[in-house]
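Asker: The amino acid sequence is not available; the structure is as follows:
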């Protein structure tokens, strides 16, 4: 973070002249987390438009936000990071839902764990990218690659990953989840999807499983207010939320 402050002239600290410059290193990640929080709370209703559509839209947000962050302006980068945070929060809602519904019932546990593993792997990769940066960033010339352009490498990696994901979604994973296809009565696409996953003898059986799951899923959706205020739920909800903060 200090290298970004140094690039904008906000570091060393004695060069910062106002609250914005002094606290920019705190504001930048906070804006990203704010965007993620807003998206996590508001992304649920969008699932009705299709899990596949939501993931494609989120990838577009990543491309847009990463492109905005390539502009060397502190305010513009804040806007880009806020949009990127919204995309990150939306991923946390859309991708687990897509994976859990797409995976066969007997594999949902391992596939759900894989989603969380990949999230932590992504955090680890970004942390590794900070290793080449010296502790004392003032040793760099402001015209050096590490100051003027290395940050673009770090923030440009999501563009590469999103392009790969979009290509895969358009070519390999081009179907929505079985539950969404069933709700739309798109049995042709559902049959095509299952014929690519299972042997011919299992296709009809798996389609019947989806129908049974939908028939048995009569549970009432729980709202956010009920989650945190209902006497039967609020204790576990507040404890879990508090532990997640740390």
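Answerer: Yes, it's here. Quick caveat, the model's predicted, so the values are computed rather than measured.

Asker: So which elements touch the longest helix that the chain contains?
Answerer: Across the chain, the longest stretch assigned as helix under DSSP state H is helix 74-102. Judged by 3 or more Cβ pairs under 8 Å, 6 or more residues apart in numbering; DSSP states H and E, helix 74-102 is in contact with helix 24-42, helix 51-69, helix 108-129, helix 178-183. Where you see a C-beta, it was placed from the backbone N, CA and C, and this is true even at glycine.

Asker: what's the angle between that helix and helix 51-69?
Answerer: 160 degrees (axes from the mean of the first three to the mean of the last three Cα atoms, to 10 degrees).

Asker: quick one: buried residues of helix 74-102?
Answerer: Buried positions in helix 74-102, judged by neighbour count with 16 or more other Cβ atoms under 10 Å: 74, 77-95, 97-102.

Asker: cool, and stretch 174-188?
Answerer: For stretch 174-188, the neighbour count (16+ other Cβ under 10 Å) marks 175-182 as buried.

Asker: Contacts for it, please.
Answerer: The set of residues external to stretch 174-188 that reach it, using Cβ atoms under 8 Å, 6 or more residues apart in numbering, is 50-53, 97-98, 101-102, 189-190, 192-194, 206-207, 210-211, 213-214.

Asker: are any of those residues buried, and which?
Answerer: Taking 16+ other Cβ under 10 Å as the criterion, what is buried in the contacts of stretch 174-188 is 50-53, 97-98, 101-102, 189-190, 193-194, 206-207, 210.

Asker: can you list the domain ranges for this protein.
Answerer: Here the domain parsing of the chain from automatic domain parsing is 2-173, 175-246.

Asker: quick check: mean pLDDT across the first one?
Answerer: In this model, domain 2-173 carries a mean pLDDT of 87.

Asker: Spatially, which residue comes closest to residue 78, not counting chain neighbours?
Answerer: residue 31 (5.3 Å; Cβ to Cβ, 6 or more residues apart in numbering).

Asker: residues touching the one you found, list them.
Answerer: 78, 81-82, 85.

Asker: what does residue 140 give?
Answerer: 3, 6, 134, 146-147.

Asker: Give me the distance between it and residue 11.
Answerer: Using Cβ to Cβ, to the nearest Å, we find residue 140 at a distance of 11 Å from residue 11.

Asker: in the helix or strand residue 240 falls within, what counts as buried?
Answerer: If you go by DSSP states H and E, residue 240 is part of helix 234-245. Buried residues in helix 234-245, counting neighbours by 16+ other Cβ under 10 Å, are found at residue 237.

Asker: so what secondary structure elements neighbour it?
Answerer: Helices and strands touching helix 234-245, by 3+ Cβ pairs under 8 Å, 6+ apart, are helix 224-229.

Asker: contacting residues around the helix it packs on?
Answerer: Residues outside helix 224-229 that contact it (Cβ under 8 Å, 6+ apart): 41, 233-234, 237-238, 241.

Asker: isn't residue 92 right next to residue 44, touching?
Answerer: No - using Cβ atoms under 8 Å, residue 92 makes no contact with residue 44, being 11.0 Å away.

Asker: list the contacts for residue 72?
Answerer: Residue 72 touches residue 7, counting by Cβ under 8 Å, 6+ apart.

Asker: tell me which element it is part of?
Answerer: For residue 72, there is no host helix or strand (DSSP H and E).
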